[in-house]
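Participant: One predicted model, sequence on top.
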Amino acid sequence: MRRAKGFKKWIILVIIIVFASVYIYDIVSIRSSYHTPQELADPDSKFIDIDGVNIHYKTYGNGDRVFLLIHGFGASTFSFRYVVEPLSKLGKVVVFDLTGFGLSERPERSKFDPNPYSRNGQVEITRRLIETLNLDNIILVGHSMGGTIATIFAIRYPEMVDKLVLEDPAIFETGGMPRALQIFFESPVGRFLFTLFVKPLAKSLESVIYKAFYDPSKVTADVLEGYKKSLEVTNWDKGFYEILIADNRIDFLDKISEINIPVLVVTGKNDIIVPEDDSQKLNLILKNSRLILVDSCGHIPHEEKPDVFVDAVRNFVEGAWY
């Protein structure tokens with residue numbers, strides 16, 4: 001009996017040592033891969049302090065008309081690489097990384113109100129970016145999660161937006177973590193387990209990218225490298241954690257019908273992340289909108305069918321969309 005109890009104690013001790021070793025290894029290996037945003041920046045990258053958060057952004061072109069592009073979950077300015085130059089022929093283009101994504105800073109959450117990692121905080125960061133850069137005549141373009149942010153922004157600050165482009169917008173299913181899981185991961189145990197699984201979670205990004213495309217051949221090594229670049233930024237794991245546990249409960253669905261500005265809804269017909277039916281539903285709720293369906297296209301028309309996307313936006317802003 002004593003031998004059995006002693007054996008159990010050794011087993012428990014070995015398990016504790018294994019978990020502690022994995023925990024320490026994950027922490028060390030993640031932090032050893034850290035690079036500052038400036039070290040990873042592109043030649044056209046710019047950085048600006050927005051209320052204490054260092055935001056990465058890029059600008060293209062000139063003109064009175066301004067396209068402000070907001071990326072989706074897990075994406076960054078990289079996602080818009082095919083459309084920024086063509087859109088710059090129609091006006092000035094500004095694209096930026098939301099807090100916790102791309103090359104933007106992963107700040108300490110407790111120092112900010114609202115939480116800069118939440119949808120509410122991201123809306124406010126967008127507002128302050130517009131004010132700091134003195135942008136006017138804005139056409140707000142939001143993809144997926146960015147479509148949610150753009151929609152909330154247009155409801156909250158209608159005077160700051162001239163037109164709205166919602167691309168495969170995650171309006172009815174935001175894809176956030178259930179509140180019960182958020183509460184669990186906010187606990188010490190949850191945070192510990194997150195540290196153990198953060199690398200496998202990050203690696204799953206590749207499968208999500210393939211899922212977002214209708215044509216998998218377009219997911220090249222360069223595309224994967226571009227999306228994974230943000231996993232090298234200092235404190236990317238901390239930012240990922242904060243994004244997952246952020247409280248994104250905002251009641252705005254009943255206010256969508258109050259949007260009076262022209263809205264273009266663009267969606268891939270083969271999107272399996274945000275179904276076409278959701279975009280159809282949104283188009284019916286909006287007062288002044290048109291829906292463009294893109295054939296043989298998944299969740300990211302601006303990457304998979306950039307020419308079609310740009311043509312749709314051009315017709316929209318130049319008044320030829322009816």
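Facilitator: Yep, that arrived. Computed from a predicted structure; not experimentally measured.
Participant: What is the subsequent helix or strand relative to the helix or strand of the chain with the lowest mean pLDDT?
Facilitator: Using mean pLDDT, DSSP states H and E, the weakest-scoring helix or strand in the chain turns out to be helix 2-32, at a mean of 55. With elements assigned by DSSP states H and E, the helix or strand that comes after helix 2-32 is helix 37-40.
Participant: Show me what that next one is in contact with.
Facilitator: F47, N54, H56, L103, S104, E105, K229, E232, V233, T234 (CB atoms under 8 Å, 6 or more residues apart in numbering). In short, each C-beta sits where N, CA and C put it, glycine included.
Participant: for stretch 114-129, same thing?
Facilitator: Under CB under 8 Å, 6+ apart, the answer for stretch 114-129 is 48, 50-51, 53, 55, 57, 68, 70, 94, 96, 98-100, 107, 109, 112, 135, 148-149, 152-153, 156-157, 160, 174, 239, 242-243, 246-248, 250.
Participant: which other helices and strands contact the biggest strand by length in the chain?
Facilitator: Longest strand in the chain by number of residues (criterion: DSSP state E): strand 53-60. On a contact count with 3 or more CB pairs under 8 Å, 6 or more residues apart in numbering; DSSP states H and E, strand 53-60 meets strand 46-50, helix 84-88, strand 92-96, helix 119-132.
Participant: what ranges do the helices span in the protein?
Facilitator: 2-32, 37-40, 84-88, 119-132, 145-156, 179-186, 188-203, 205-212, 221-228, 236-245, 276-285, 301-304, 306-317 (DSSP state H).
Participant: Same list (these) but as CSV, adding mean neighbour count.
Facilitator: Compiled in CSV, those are given as follows (neighbours: other CB atoms under 10 Å):
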stretch, mean neighbour count
helix 2-32, 11
helix 37-40, 15
helix 84-88, 19
helix 119-132, 20
helix 145-156, 24
helix 179-186, 14
helix 188-203, 14
helix 205-212, 15
helix 221-228, 14
helix 236-245, 21
helix 276-285, 16
helix 301-304, 25
helix 306-317, 19
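Participant: And these, which one averages the lowest pLDDT?
Facilitator: Mean pLDDT is lowest for helix 2-32 among the helices of the chain, at a mean of 55.
Participant: what's near enough to touch the closest residue to K218 other than its chain neighbours?
Facilitator: Leaving aside its chain neighbours, K218 sits nearest to E304 (6.0 Å; criterion: CB to CB, 6 or more residues apart in numbering). E304 is in contact with F213, Y214, D215, K218, G268, C297, G298, counting by CB under 8 Å, 6+ apart.
Participant: Let me have these in a markdown table, extended by neighbour count and distance to R179.
Facilitator: Listed next are these as a markdown table, based on neighbours: other CB atoms under 10 Å; distance: CB to CB, whole Å:
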| residue | neighbour count | distance to R179 |
| --- | --- | --- |
| F213 | 19 | 31 |
| Y214 | 20 | 33 |
| D215 | 12 | 36 |
| K218 | 14 | 36 |
| G268 | 28 | 30 |
| C297 | 24 | 33 |
| G298 | 26 | 29 |
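Participant: Just give me the closest of the residues you listed to A202.
Facilitator: F213 (19.2 Å; CB to CB).
Participant: List phi and psi for that closest one.
Facilitator: phi -100, psi 140 (degrees, to the nearest 10).
Participant: So for it, what's the pLDDT?
Facilitator: On the pLDDT scale, F213 gets 98.
Participant: Could you verify my assumption that it touches I300?
Facilitator: Yes - look at F213 against I300 with CB atoms under 8 Å: they come within range, at 6.9 Å.
Participant: if we can go back for a sec, do you know how far the residue nearest to K218 is from T267?
Facilitator: Distance of E304 to T267, computed by CB to CB, to the nearest Å: 12 Å.
Participant: Now do Y214 against I272, distance only.
Facilitator: 9 Å.
Participant: Same question for L231.
Facilitator: 24 Å.
Participant: between the two, which one's more packed in?
Facilitator: Neighbour comparison, L231 and I272: the larger count goes to L231, with 16 against 12 (by other CB atoms under 10 Å).
Participant: Identify the residue spatially nearest to the more buried one, adjacent ones excluded.
Facilitator: A202 is the one closest to L231 (CB to CB, 6+ apart), at 5.4 Å.
Participant: if I pick E105, what's in contact with it?
Facilitator: By CB under 8 Å, 6+ apart, E105 lies in contact with P37, V53, N54, I55, T99.
Participant: Compare the residues you listed and tell me which has the most neighbours.
Facilitator: Neighbour counts for the contacts of E105, by other CB under 10 Å, peak at T99, which reaches 27 neighbours.
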